[in-house]
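Novice: Show me the folded form of this:
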Amino acid sequence: MVYWLRFDLPDEQWPRRAFWISLLVNIGILFSPLVDRPASRGELVLFLLPDGFVVLIAMIAHNQSLARSVRAQLIATAVVFTAACAALLAFVISRAGAAT
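Specialist: Next up is the predicted model:
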């Protein structure tokens, strides 16, 4: 998702930065104890939510020309992404602890 986003917006710098940050986050998740077996389709969301969060934060940080209402909506969406990531990771950690 993030890789193709930089081709949609070639004159913007934030998609490239978001790509590299997302890549680092995904590598971190890949080598964490959360991914200790082959992933099902539902567990691939572990990679999608942080990527969406990184893209939103990069877009908010680099687009100073956005209208105030659009920035407020993006910030609210980033807050929802943060809560969703935290809830999903807490659920996965609790299930991993119960399985052992």
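
Novice: from here on, contacts and neighbour counts on C-alpha atoms
Specialist: Fine.

Novice: what's the burial count for Phe91?
Specialist: If you count neighbours by other CA atoms under 10 Å, Phe91 ends up with 12.

Novice: Distance check, it against Leu24.
Specialist: According to CA to CA, to the nearest Å, Phe91 stands 23 Å off from Leu24.

Novice: for this protein, which helix is longest?
Specialist: In the chain, with assignment by DSSP state H, the single longest helix is helix 68-99.

Novice: what comes up buried for it?
Specialist: 71, 74, 77-78, 81-82, 85, 88, 92 (16 or more other CA atoms under 10 Å).

Novice: Tell me which other helices or strands it touches.
Specialist: Packing partners of helix 68-99 (3 or more CA pairs under 8 Å, 6 or more residues apart in numbering; DSSP states H and E): helix 45-62.

Novice: count of residues packed around Pro50?
Specialist: Neighbour count for Pro50, taken as other CA under 10 Å: 21.

Novice: tell me the angle the helix or strand where Arg16 lies makes with helix 45-62.
Specialist: Per DSSP states H and E, Arg16 falls inside helix 14-30. Helix 14-30 and helix 45-62 are oriented at 150 degrees to each other (axes from the mean of the first three to the mean of the last three CA atoms, to 10 degrees).

Novice: chain center to helix 14-30, what's the gap?
Specialist: Per CA atoms, centre = their mean, to the nearest Å, the displacement of helix 14-30 from the mean C-alpha position of its chain is 8 Å.

Novice: contact partners of it?
Specialist: 2-3, 5-6, 9, 35, 46-47, 50-51, 54-55, 58-59, 62 (CA atoms under 8 Å, 6 or more residues apart in numbering).

Novice: Among these, name the buried ones.
Specialist: Buried by 16+ other CA under 10 Å: 2, 6, 46-47, 50-51, 54-55, 58-59, out of those.

Novice: Looking at those, which two lie furthest apart in space?
Specialist: Farthest apart among the buried ones among the contacts of helix 14-30 by CA to CA are Arg6 and Leu46. That separation is 21.8 Å.

Novice: Can you report how many residues neighbour Leu49?
Specialist: 17.

Novice: quick one: contacts for it?
Specialist: Contacts of Leu49 by CA under 8 Å, 6+ apart are 81, 84-85.
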